[in-house]
Structures are given as C-alpha cells and as structure tokens.
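Participant: take this sequence and fold it.
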Amino acid sequence: ALTVSGKEEDVPVEPPKPQEVWVKKAAKLKGVDSYYVTNSTNTTLSYKDKKVEHASLTGGNITYMKAVENEIVAGRSLIAQDYKDVASVILLDQELANSLFGSAQEAVNQVIDVGGFSYRVIGVYTSDEAKTAKTIGLGGLPITTTISLAQNFKMDEISDIFFRVNDTSLTLTV
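Facilitator: Residues are numbered from 1 along each chain as shown. The predicted structure is shown next:
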C-alpha cells in the first residue's frame, strides 16, 4: 500500500473518518441552505408474527428530517434527546406501519425487532420516496439516529453527506 510519503509499505494509511463538525463548517458556505448526514443498512423488521424483509434502515443526523421534508402523520420526529441518549428509537414510513400494525396510530410506542435489536416506534412519516419503496423491492424506509445505527450495527456514523444549495455561485475562501 502507498503511504503518505508515496513509498510502498506494508502498513496502509487509513483516511480520516468524516466528522459532522467538518460538514457543519462546509454548510456555512454561501448558497448552502441545509445539510444532513446519513448511514444506512438493509435489515429485517419484525413485530410478533409479522416480518418485513429488505427494509432500508437510514440513520439520519439531527438536521435530516427537516432537510428531507418528511411529514409526520403519527407520533413525533427525532429530537435532540434521542441523539444524546443514543436511544433505540425508530420512525416507520406509513406503508411499513400499515404492514406491521394496520395503521400509523397503532404503530406508535410499539417495540419492534430491527435486525436483532429492540427499537421503540416513536413516529410514522410519509414521503413520496417511501410511497414508492415497494415498487423497487424495498420492504420499507425506516429511520433512526446515525449514532444508534452506528453503535448497534457496528458501522461508521457517517457514510453519506448531502448539501441542499440555493444557487450555483458557491465559493470557497481559504
């Protein structure tokens, strides 16, 4: 493997893992409206005798729900305390809530199995993306915190970084 010096050595150099503090600084650039970071994994969700496979579980940071404009139809969204407590809480899309519980309202406050971990359903949301998830073979689009997903599923806290920009004249001053 090549090292920082450009020499061939047996010990590879690992690039640094992205930090949200870096992303926050970049989000202050002129023209950036908002940002969010995510991580994700495919998993199975189950409740009693019902099972949904191929669910694409997304971990979103504190800015995620507002940035993607998902609409809460029952319960609540993720809040700062969920991140602070590394809470095992989850939002289900409306289709997924209907599959497991029959309705959005019935899903709230239930505990489900998510890939072998217990998560409490705190809310149900709707979005255009979630409405079409089954047409592309996904069992649903549940959402949790980046930190809970990272700790429970042994993965990086950030795998994707997104910026929403409002103009094309972004500039960077060094």
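Participant: what's opposite Thr43 in the beta bridge?
Facilitator: For Thr43, the beta-bridge partners under DSSP bridges are Ala55.
Participant: look up how far Thr63 lies from it.
Facilitator: 23 Å (CB to CB, to the nearest Å). Bear in mind the C-beta positions are built from the backbone N, C-alpha and C, glycine included.
Participant: of those two, which one has the most company?
Facilitator: Thr43 (21 against 18; other CB atoms under 10 Å).
Participant: next up, the contacts around the more buried one.
Facilitator: Counting by CB atoms under 8 Å, 6 or more residues apart in numbering, Thr43 touches Ala55, Leu57, Val114, Gly115, Phe153.
Participant: repeat for Gln81
Facilitator: Per CB under 8 Å, 6+ apart, neighbours of Gln81: Ala87.
Participant: for Thr43, see how far away it is.
Facilitator: Gln81 is 24 Å from Thr43, by CB to CB.
Participant: got it, and Leu57?
Facilitator: Taking CB to CB, one finds Leu57 at 5 Å from Thr43.
Participant: between the two, what contacts are shared?
Facilitator: Val114, Gly115.
Participant: secondary structure, pLDDT and neighbour count added to the contacts of Thr43, as JSON lines?
Facilitator: Output for the contacts of Thr43, formatted as JSON lines (DSSP: H, G, I helix; E, B strand; the rest coil; pLDDT from 0 to 100; neighbours: other CB atoms under 10 Å):
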{"residue": "Ala55", "secondary structure": "strand", "pLDDT": "94", "neighbour count": "23"}
{"residue": "Leu57", "secondary structure": "strand", "pLDDT": "96", "neighbour count": "23"}
{"residue": "Val114", "secondary structure": "strand", "pLDDT": "97", "neighbour count": "23"}
{"residue": "Gly115", "secondary structure": "coil", "pLDDT": "96", "neighbour count": "16"}
{"residue": "Phe153", "secondary structure": "helix", "pLDDT": "94", "neighbour count": "18"}
